[in-house]
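# predicted model and sequence follow; I will ask about them next.
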Amino acid sequence: MSDRLNEDSLADLPDGIRRPAYDRRAVKTGIVHLGIGAFHRAHQAVYTDDVLGLDPQWGIVAASLRSPDTFDALAPQDGLYTLSVRSREGEALRIIGSIRQVIVAPRATDDLLDAMADPRTKIVTLTVTEKGYCHDPATGTLNEAHPDIVHDLAYLKTPRSAPGFIVEALRRRRRAGVPPFTVLTCDNLPSNGRTVKRVLTRFAELVDPDLGRFVADEVSCPSTMVDRIVPATSDQDRQRIGEALHVEDAWPVVTEPFTQWVIEDRFPQGRPAWENAGAEFVADVEPYEHMKLRLLNGSHSTLAYLGYLAGYETVADTMADPAFVRLVEGLMDEEVTPTLHMPPGADLASYKRALVERFKNPALKHRTWQIAMDGSQKLPQRLLGTVRDRLRDGGSIARLSLGVAAWMRYVTGVDEKGSAIDVRDPMAARLRELADRAGGEAGSLANALFGIREIFGDDLANDPRFTQPVTAHLARLHEKGAKRTVAELGAE
């Protein structure tokens, strides 16, 4: 038996390890995925794996637009990997086989474009994170000055960005008389399908006005809402899973039992029967998207910044502190829920209770540092949209403004003990420069960061109903630290 998970070792795995319930040799490519990270492999690839036995034409070619790490791990494994579902009750292991091929875009640009232009490809899915769309998060429009966009407009045949690859592939399909694929984003963007359509249309217009009209008129970009917590895989995870499999898996993914996928049903070229795997097809995703972005993601970011500053390594560690539980419950109930408008039958109370339990799950080692990444891209969607709605309605933003203040404290790059914070963010250098220039005074720091219009726009930066509570919280964080600040807020 091989000492590595692959097709040869699949049949010899121990009993109790679930395997693909279909013949992988019969699977064809119908989906190209951009951004093969842990989330895709714990979410969309699993839904697809569930339905390949019904229709084998929907196998996935998955591409990394940057790092070769996932290719290096999965190529020797024939695309196979382990899904570990962890809860308080234990761990269930399953082998996922829906990924037929992995491509590293910078190494094989033509191979990726060929796969996307292939008539058999009906859908291109994306999990490239908010920053991967090369857009302005405050406006949802293409950032035409983004270095990758500048490059891709100059060198159409060797793109670097997700918009560049998609538009070039669509251009080739149009020239060959092949209908366009559906573009299905699975990232946390507001109105994500419409945002992606706007970005792609503008990019295509800059290439050729006729191509822009074609993308605007002919390319379907359904909106989606995705939900599953997927921590980064640790070396301990690899060791534990390898011992259970009796073979090495270089890159398993670890997740929780909960999973959700809500999709607008607009697929002109067809789609997998994902509803048979639990996906929900709806006419309008927006209410579900707001629910998830504001309740789960907004709470997650708030916990990440405050939890990290308080010295907690994981979300579960943070939620073991009763003061943080009170903070999150108050945030969800008093400040977020009034901004949501759900369709009949949606059970917000149950969803919020489930969120709290998911955050407390000690089997998930979801690091606060990981969730804190890319805050400049996430803040507008996760917190600031809710802030705007609350201000419009005259509501309190006591907890929302604390989350924003915690982000400001975090991006200074120095924690409460004086140690360096590894701030991972597209604006990290700019944020650190502003923080250093402002010195240690909360008002100066807040004013400097409010000036970043890409994050705060012109409205919030000039609204004292927002700037004053954020600045006051920031001063408390500097003076008292995150733990005491959170505890005192809950006691008020």
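Sure thing, it's come through. Note that this is a predicted model, so its numbers are computed, not measured.
# state the distance from the residue lying closest to residue 139 once chain neighbours are set aside to residue 90.
Spatial nearest neighbour of residue 139, chain neighbours left out: residue 457 (8.0 Å); criterion: C-beta to C-beta, 6 or more residues apart in numbering. Backbone N, C-alpha and C define where each C-beta goes, glycine included. To residue 90, residue 457 is 47 Å away according to C-beta to C-beta, to the nearest Å.
# which one of those two has more residues nearby?
Higher neighbour count among residue 457 and residue 90: residue 457, with 18 against 8, using other C-beta atoms under 10 Å.
# surely the more buried one touches residue 136?
No - using C-beta atoms under 8 Å, residue 457 is not in contact with residue 136, being 9.9 Å away.
# for the stretch 1-150 of the chain, which segments count as helices?
Taking DSSP state H, counting those that start in this stretch, the helices of the stretch 1-150 of the chain run over residues 7-10, 38-42, 44-51, 69-74, 109-117, 147-154.
# save the ones you listed as a markdown table, and put in mean pLDDT too.
Converted to a markdown table, the helices of the stretch 1-150 of the chain look like this (pLDDT from 0 to 100):
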| stretch | mean pLDDT |
| --- | --- |
| helix 7-10 | 94 |
| helix 38-42 | 97 |
| helix 44-51 | 98 |
| helix 69-74 | 96 |
| helix 109-117 | 98 |
| helix 147-154 | 98 |
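# of the ones you listed, give the one that comes closest to residue 129.
helix 38-42 (9.0 Å; C-beta to C-beta).
# where along the chain do the strands fall?
Remark: strands assigned in the chain by DSSP state E are 29-34, 59-64, 81-87, 90-96, 99-104, 123-126, 135-136, 141-142, 182-185, 224-227, 253-255, 260-264, 280-282.
# on that earlier part again, distance of the residue nearest to residue 139 relative to residue 73?
Residue 457 is 40 Å from residue 73, where distance means C-beta to C-beta.
# same deal with residue 166?
Residue 166 sits 25 Å away from residue 73, going by C-beta to C-beta.
# what about these two, which has more around it?
Between residue 166 and residue 73, counted using other C-beta under 10 Å, the more crowded position is residue 166 (27 against 17).
# ok, that one touching residue 200?
Yes - assessed by C-beta under 8 Å, residue 166 is found in contact with residue 200 at 5.9 Å.
# what is the burial count for the closest residue to residue 490 other than its chain neighbours?
Nearest residue to residue 490 in three dimensions, chain neighbours excluded: residue 326, at 4.1 Å (C-beta to C-beta, 6+ apart). Neighbours of residue 326 under the rule other C-beta under 10 Å: 16.
# and residue 326, what pLDDT?
We have a pLDDT of 97 for residue 326.
# cool, residue 381 as well?
88.
# can I get the strands of the chain in JSON lines including mean pLDDT?
What follows is the strands of the chain, written out as JSON lines (pLDDT from 0 to 100):
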{"stretch": "strand 29-34", "mean pLDDT": "98"}
{"stretch": "strand 59-64", "mean pLDDT": "98"}
{"stretch": "strand 81-87", "mean pLDDT": "96"}
{"stretch": "strand 90-96", "mean pLDDT": "97"}
{"stretch": "strand 99-104", "mean pLDDT": "97"}
{"stretch": "strand 123-126", "mean pLDDT": "98"}
{"stretch": "strand 135-136", "mean pLDDT": "90"}
{"stretch": "strand 141-142", "mean pLDDT": "94"}
{"stretch": "strand 182-185", "mean pLDDT": "98"}
{"stretch": "strand 224-227", "mean pLDDT": "94"}
{"stretch": "strand 253-255", "mean pLDDT": "97"}
{"stretch": "strand 260-264", "mean pLDDT": "96"}
{"stretch": "strand 280-282", "mean pLDDT": "93"}
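# export those to a markdown table and append columns for distance to residue 7.
Below are the strands of the chain laid out as a markdown table (distance: least, C-beta to C-beta, whole Å):
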| stretch | distance to residue 7 |
| --- | --- |
| strand 29-34 | 17 |
| strand 59-64 | 14 |
| strand 81-87 | 13 |
| strand 90-96 | 11 |
| strand 99-104 | 12 |
| strand 123-126 | 24 |
| strand 135-136 | 40 |
| strand 141-142 | 42 |
| strand 182-185 | 28 |
| strand 224-227 | 29 |
| strand 253-255 | 19 |
| strand 260-264 | 28 |
| strand 280-282 | 33 |
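# out of those strands, which is closest to residue 365?
Relative to residue 365, the nearest member of those by C-beta to C-beta is strand 253-255, separated by 7.9 Å.
# starting from that closest one, tell me which strands it pairs with and how they run.
strand 81-87 (parallel) (DSSP bridges).
# now residue 202: how far from residue 135?
9 Å.
# more neighbours: which of these two?
Neighbours of residue 202 and residue 135, each counted by other C-beta under 10 Å, are more numerous for residue 135; the result is 25 against 20.
# nearest residue to the more buried one in space, please, no chain neighbours.
For residue 135, ignoring the flanking residues on the chain, the nearest one in space by C-beta to C-beta, 6+ apart is residue 199 at 5.2 Å.
# which ones are touching the one you found?
133-135, 140-142, 163 (C-beta atoms under 8 Å, 6 or more residues apart in numbering).
# of all the strands of the chain, which one comes closest to residue 42?
Per C-beta to C-beta, nearest to residue 42 of the strands of the chain: strand 253-255, 4.2 Å.
# chain center to that closest one: distance?
Averaging C-alpha positions (C-alpha atoms, centre = their mean, to the nearest Å) puts strand 253-255 15 Å from its chain's average.
# pull the number of nearby residues for the residue nearest to residue 202 when sequence neighbours are not counted.
Nearest in space to residue 202, with sequence neighbours left out and distances taken as C-beta to C-beta, 6+ apart, is residue 142 at 4.3 Å. Look at residue 142: counted by other C-beta under 10 Å, it has 21 neighbours.
# residue 142 touches residue 150, doesn't it?
No - counting by C-beta under 8 Å, residue 142 does not reach residue 150; the two are 11.4 Å apart.
# any shared contact partners between the two?
By C-beta under 8 Å, 6+ apart, no residue touches both residue 142 and residue 150.
# of the contacts of residue 199 - the most surrounded one?
When neighbours are counted by other C-beta under 10 Å, residue 163 leads these with 29 neighbours.
# pLDDT wise, what is it at?
pLDDT, residue 163: 98.
# same question for the one 4 residues further on.
For residue 167, the model assigns a pLDDT of 98.
# separation between it and residue 220?
From residue 167 across to residue 220, the span is 15 Å (C-beta to C-beta).
# out of these two, which sits in the busier spot?
residue 167 (29 against 17).
# wait, that one touches residue 214, no?
No - applying C-beta under 8 Å as the test, residue 167 and residue 214 come out as separate, 10.1 Å apart.
# can you pull the residues that touch both of those two?
residue 204.
# next one: phi and psi at the nearest residue in space to residue 270 that is not next to it in sequence?
Distances taken as C-beta to C-beta, 6+ apart put residue 122 closest to residue 270, at 5.5 Å, once the chain neighbours are dropped. For residue 122, the backbone dihedrals (degrees, to the nearest 10) come out as phi -100, psi -20.
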